[in-house]
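1. here you go, sequence then predicted model.
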Amino acid sequence: MDFDKMSTDELKEYAKTAGIPVGNSGRDKIIEKIKEKENGTLQPDTEDSIPDTSPQYNKRPSSASLVDSISSGIDSLDMADKNNEIVTEDLPIDTLIPVKSITFGGLTYKSRTNNAIFRWNQIGAVEYMTVAELNEMNNYKRDFLNRPLVILMDERAVRKFRLTPVYENVARINDLQSIFSSGMKVIEASVNKALAVNMRDILISKASQMIKNRTLVDINVIRFLSRKLQYDFDGLLETVQED
């Protein structure tokens with residue numbers, strides 16, 4: 001691959017998909033890191049990232065498994081619409097893509113070109129949007145796809161909009177049992193990544209379920225979550241202990 005012909009943004013995207021931390025590195029430094037990665041000589045950069053040591057960080061999942069993982073995590077909250085059909089045809093601009101909300105409460109998007117209004121009444125609700133409408137959303141309301149507020153239930157659409165790195169971070173929250181059994185550095189890094197991709201409410205809901213089910217009992221982890229998420233898990237813990 002001719003890296004000299006790639007833009008800085010393209011180089012950063014390539015590095016991200018290859019698992020190479022670049023931080024605020026310049027163009028030449030990014031190219032150097034990519035080449036070192038390919039040659040097997042890249043050294044860990046502690047300034048750019050905190051290494052993840054739990055098993056789920058070691059294998060890069062496919063787009064399809066990412067979508068399934070995120071969707072199943074949302075559905076497990078018992079608040080979701082089960083209509084998550086996967087589109088199998090090609091992706092011309094009029095192709096309909098199932099779009100699922102991962103945001104608690106209502107969510108509304110209005111198209112700039114045709115004034116179509118899309119409403120997700122609750123987390124897990126599904127609306128169908130064309131690729132053309134998703135292109136517009138990506139151009140003018142990037143938070144919907146990149147924060148993300150919604151997920152695309154078609155792995156080809158995930159690849160088209162280059163959302164795989166975003167979905168990887170979202171998907172990691174579904175294995176909280178493994179994360180919370182790790183050291184505090186891994187827990188803190190995982191929570192920070194979850195917060196960066198709009199998963200605070202979902203993290204609160206899942207942690208609450210684990211406390212109620214007594215699968216999360218470590219008081220140090222619970223108090224850390226209370227501080228980090230600004231949510232009173234201690235009150236919930238007291239209620240569970242009284243049962």
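-> The structure has been received and is ready for your questions. None of the values given here were measured: they were computed from a predicted structure.

2. need the residue closest to the centroid of the protein.
-> Centroid check for the chain by C-alpha atoms, centre = their mean gives Val170 as the closest residue, at 2.1 Å.

3. can I get stretch 133-143 in PDB, CA atoms only?
-> What follows is stretch 133-143, C-alpha atoms only, in PDB (Å, rounded to 0.1, in the frame of the first residue of the first chain):
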ATOM      1  CA  GLU A 133     -30.900   9.300   4.100                       C
ATOM      2  CA  LEU A 134     -28.100   7.800   6.100                       C
ATOM      3  CA  ASN A 135     -25.500   9.600   3.900                       C
ATOM      4  CA  GLU A 136     -27.300  12.900   4.800                       C
ATOM      5  CA  MET A 137     -27.400  11.900   8.500                       C
ATOM      6  CA  ASN A 138     -23.700  11.200   8.400                       C
ATOM      7  CA  ASN A 139     -22.900  14.500   6.800                       C
ATOM      8  CA  TYR A 140     -25.100  16.800   9.000                       C
ATOM      9  CA  LYS A 141     -25.900  14.900  12.200                       C
ATOM     10  CA  ARG A 142     -22.800  12.800  12.700                       C
ATOM     11  CA  ASP A 143     -23.500  12.100  16.400                       C
END
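
4. buried ones in that stretch?
-> The neighbour-count check on stretch 133-143 (16 or more other C-beta atoms under 10 Å) flags 133-134, 136-138, 141 as buried. (Glycine included, C-beta is placed from N, CA and C.)

5. nearest to Gly26, of these?
-> Nearest to Gly26, judged by C-beta to C-beta, of the buried residues of stretch 133-143 is Asn138 at 27.3 Å.

6. average pLDDT for stretch 154-161?
-> For stretch 154-161, the mean pLDDT works out to 92.

7. I should have written stretch 29-49 there, sorry.
-> 64.

8. for this protein, what spans make up the helices?
-> 8-17, 27-39, 63-75, 131-140, 143-146, 155-160, 164-171, 176-180, 184-196, 200-212, 219-229, 233-242 (DSSP state H).

9. redo those helices as CSV? Include distance to Asp94.
-> Output for those, formatted as CSV (distance: least, C-beta to C-beta, whole Å):
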stretch, distance to Asp94
helix 8-17, 27
helix 27-39, 37
helix 63-75, 21
helix 131-140, 7
helix 143-146, 19
helix 155-160, 13
helix 164-171, 24
helix 176-180, 39
helix 184-196, 33
helix 200-212, 32
helix 219-229, 41
helix 233-242, 47
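
10. of all the ones you listed, which lies closest to Gly105?
-> Of all these, it is helix 200-212 that lies closest to Gly105, at 8.5 Å by C-beta to C-beta.

11. tell me what angle that closest one forms with helix 219-229.
-> Relative orientation of helix 200-212 versus helix 219-229 (axes from the mean of the first three to the mean of the last three C-alpha atoms, to 10 degrees): 160 degrees.

12. tell me what helix 200-212 is packed against?
-> Packing partners of helix 200-212 (3 or more C-beta pairs under 8 Å, 6 or more residues apart in numbering; DSSP states H and E): helix 63-75, helix 176-180, helix 184-196, helix 219-229, helix 233-242.

13. contacts for it?
-> 73-74, 77, 102-104, 123, 173, 176-177, 180, 191, 194-195, 216-217, 222, 225, 229, 231, 233, 236-237, 240 (C-beta atoms under 8 Å, 6 or more residues apart in numbering).

14. same thing but at 6 Å, please
-> 77, 104, 173, 176, 194, 216, 225, 229, 231, 236-237, 240 (C-beta atoms under 6 Å, 6 or more residues apart in numbering).

15. on that earlier part again, for the helices of the chain, which one sits closest to Thr95?
-> Going by C-beta to C-beta, the one of the helices of the chain nearest Thr95 is helix 131-140, 4.9 Å.
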